[in-house]
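# one predicted model, sequence on top.
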Amino acid sequence: MATTAPAITIAGYSHVAVMVDDLDAAIGFYRDTLGFSMLPRPDFGPGTEGAWLQLGTAQVHLGTVEELGPRSGFPHMAMHVPTDAWDSTMGELEARGVPFLMGPNTREDFGRPVRAAFIRDPAGNVIELTDVDPT
């Protein structure tokens with residue numbers, strides 16, 4: 001269906017968040033078996049332990065849960081919205097009636113401002129929109 005509305009700009013994936021019940025085993029698998037490198041990760045507070053890893057432009061963000069289940073933790077995929085298209089993309093999502101699960105908001109990661117917003121697809125899968133460039 002063609003539209004004359006302003007474009008929503010998504011430039012690619014930023015990361016995939018995976019929930020694990022054994023962080024050490026997961027780090028060992030992604031780092032030692034698959035060859036990912038550890039990345040610095042902000043401290044999100046108690047109960048949010050995890051790790052960030054990268055191989056090429058692929059980032060995996062590991063989050064921990066006590067027991068794995070169909071809705072354990074906060075699994076999501078993150079899509080990159082370039083900073084210069086952030087405001088127009090958020091405005092267009094609002095104009096199209098897309099409800100926000102969280103955001104849009106700004107936080108600091110390692111002294112750098114990061115924009116993020118969370119929405120759901122029709123099946124309930126969580127999508128993070130972020131201006132963090134995976135490269």
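Sure thing, it's come through.

# so where's this structure uncertain?
Residue ranges of the chain with pLDDT under 70: 1-6, 68-73, 122-125.

# and if we set it to 80?
For the chain, residues meeting the criterion pLDDT under 80 lie at 1-6, 34, 66-75, 79, 121-125, 134-135.

# and the helix of greatest length in it, which residues are buried?
The helix that spans the most residues within the chain, counting by DSSP state H, is helix 86-95. Buried residues in helix 86-95, counted by 16 or more other Cβ atoms under 10 Å: W86, T89, M90, E92, L93. For every residue, glycine as well, the C-beta is placed using N, CA and C.

# cool, stretch 117-131 as well?
In stretch 117-131, counting by 16+ other Cβ under 10 Å, buried: A117, F118, I119, V126, E128, L129, T130, D131.

# and the gap between A117 and I8?
12 Å (Cβ to Cβ, to the nearest Å).
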